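J.: Give me a model of this one.
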Amino acid sequence: MSVHRNTYGPEMDERSFRLFVEAYSDDLLYYACYLLHSREEAEEVVSDVFLEVWQNRGNLSGIQNMKAWLLTLVHNRSISCLRQRANVPDSVLLEEAGANALPADLQTPDEQLVSREEIARINRVINSFPPRCRQVFVLAKIEKLPYKEIARMLGISVKTIDNHIANALKQIRAVLEK
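T.: As a prediction, the model looks like this:
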């Protein structure tokens with residue numbers, strides 16, 4: 001089912017919103033289930049995302065790629081859910097997010113050029129990092145948190161973060177050059 005851009009925005013009525021939900025709910029639910037491994041939690045995450053969309057429907061017209069934006073919302077809420085589940089607010093393991101933590105719909109055009117095979121190889125390398133290095137890498141490169149924020153969260157120096165990231169990128173580069 002196709003949702004036309006002219007239905008986005010403050011003029012979106014309940015019928016248009018129902019069509020909007022129908023158009024995107026399966027993909028969002030699938031992605032949330034993939035991340036959370038719990039249909040109940042996934043349904044709650046997707047429901048929360050759609051509630052947020054309805055409450056902010058006046059701002060939808062400026063969104064260029066609706067599906068990517070919605071998947072980003074689901075991703076962020078799922079990661080928060082995983083953190084709450086683990087009761088570790090400042091860390092998330094890549095295994096919790098799954099082997100393809102960066103779905104193609106969320107990637108920039110440059111990232112889309114990287115083949116699925118290369119992404120799988122990169123994920124294997126990331127999973128082989130020592131736990132602290134992996135945690136720093138995920139927070140910096142996947143969650144895109146500033147180094148200062150990561151340093152504060154983990155109680156380590158920015159220089160230590162630089163070292164972890166440099167070592168991680170060196171290992172990833174070595175795998176990609178093979």
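
J.: Near the closest residue to residue 136 other than its chain neighbours, how many other residues are there?
T.: Nearest residue to residue 136, sequence neighbours excluded (C-beta to C-beta, 6 or more residues apart in numbering): residue 164, at 4.1 Å. For glycine as for every other residue, the C-beta is placed from the backbone atoms N, C-alpha and C. By other C-beta atoms under 10 Å, the residues close to residue 164 number 23.

J.: and residue 164, what element?
T.: For residue 164, the host element (DSSP states H and E) is helix 158-177.

J.: quick one: buried residues of that helix?
T.: 160, 161, 164, 165, 168, 171, 172 (16 or more other C-beta atoms under 10 Å).

J.: what's the answer for stretch 19-29, then?
T.: So stretch 19-29, judged by 16+ other C-beta under 10 Å, has buried residues 19, 20, 21, 23, 24, 25, 27, 28, 29.

J.: tell me which helix or strand of this structure sits lowest on mean pLDDT?
T.: helix 94-97 (a mean of 48; mean pLDDT, DSSP states H and E).

J.: Now do the same for residue 82: helix, strand or coil?
T.: helix (DSSP: H, G, I helix; E, B strand; the rest coil).

J.: which regions of this structure sit below the pLDDT cut-off?
T.: 1-11, 86-116, 143 (pLDDT under 70).

J.: what about the helices in it?
T.: 14-36, 39-55, 66-86, 94-97, 109-112, 116-128, 131-137, 147-154, 158-177 (DSSP state H).

J.: and the angle from the helix holding residue 164 to helix 116-128?
T.: 140 degrees (axes from the mean of the first three to the mean of the last three C-alpha atoms, to 10 degrees).

J.: and helix 158-177, what does it pack onto?
T.: helix 116-128, helix 131-137, helix 147-154 (3 or more C-beta pairs under 8 Å, 6 or more residues apart in numbering; DSSP states H and E).

J.: Relative to residue 68, which of the buried residues of helix 158-177 is nearest.
T.: Among the buried residues of helix 158-177, residue 172 lies closest to residue 68 (C-beta to C-beta), at 23.8 Å.

J.: doesn't residue 125 make contact with that closest one?
T.: Yes - using C-beta atoms under 8 Å, residue 172 is in contact with residue 125, at 5.4 Å.

J.: which of the helices and strands packed on helix 158-177 is buried the deepest?
T.: Most buried of these, by mean neighbour count (mean count of other C-beta atoms under 10 Å): helix 131-137, with a mean of 19.
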